[in-house]
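Enquirer: Predicted model and sequence below, questions to follow.
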Amino acid sequence: MRRCHKCGEAWVSEKKQPAVKEYCEKCSAYLHCCLNCRFHDKYVHNQCRIGTTEWVGDREGANFCDEFEFKDAESVSGASGEVGKAKDELDSLLGGGEEESGPGLDDFKKLFGE
């Protein structure tokens with residue numbers, strides 16, 4: 001299901017893509033924006049998986065990108081679940097995590113005789 005990036009409200013329409021200036025009925029956020037696009041990835045160059053797109057300064061604002069494809073919220077939530085699982089496994093492997101407390105500032109000061 002396609003949802004607003006800001007409030008999560010479902011976008012129901014007979015159209016395939018929202019119009020450039022179309023906004024969410026619940027929170028008034030623009031729907032045709034980078035944060036709703038399936039190609040948006042904040043960890044890649046230009047924050048877009050398509051390398052030929054132009055830089056967009058306001059990722060929440062409406063834009064005229066021809067490459068825009070509304071992302072499917074279910075596929076995104078499944079991916080974030082996999083990421084969370086991978087992070088948990090990495091923390092357990094490296095001994096990280098919030099439940100274990102490592103050396104604190106006091107231990108650091110003792111080490112250097114302060």
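Expert: All right, it came through fine.
Enquirer: number of nearby residues for residue 60?
Expert: Close neighbours of residue 60, defined as other C-beta atoms under 10 Å, add up to 14. Using the backbone N, CA and C atoms, a C-beta is placed for each residue, glycine as well.
Enquirer: Name all residues that make contact with it.
Expert: The contact partners of residue 60, by C-beta atoms under 8 Å, 6 or more residues apart in numbering, come to 5, 6, 29, 30, 33, 34, 35.
Enquirer: quick one: which of these is nearest to residue 52?
Expert: Nearest to residue 52 out of the contacts of residue 60 is residue 34 (C-beta to C-beta; 14.8 Å).
Enquirer: Let me see the backbone angles for the closest one.
Expert: phi -60, psi -40 (degrees, to the nearest 10).
Enquirer: And the closest residue to it other than its chain neighbours, its phi and psi?
Expert: Leaving aside its sequence neighbours, residue 34 sits nearest to residue 59 (C-beta to C-beta, 6 or more residues apart in numbering; 4.1 Å). Main-chain torsions, residue 59, degrees, to the nearest 10: phi -70, psi -20.
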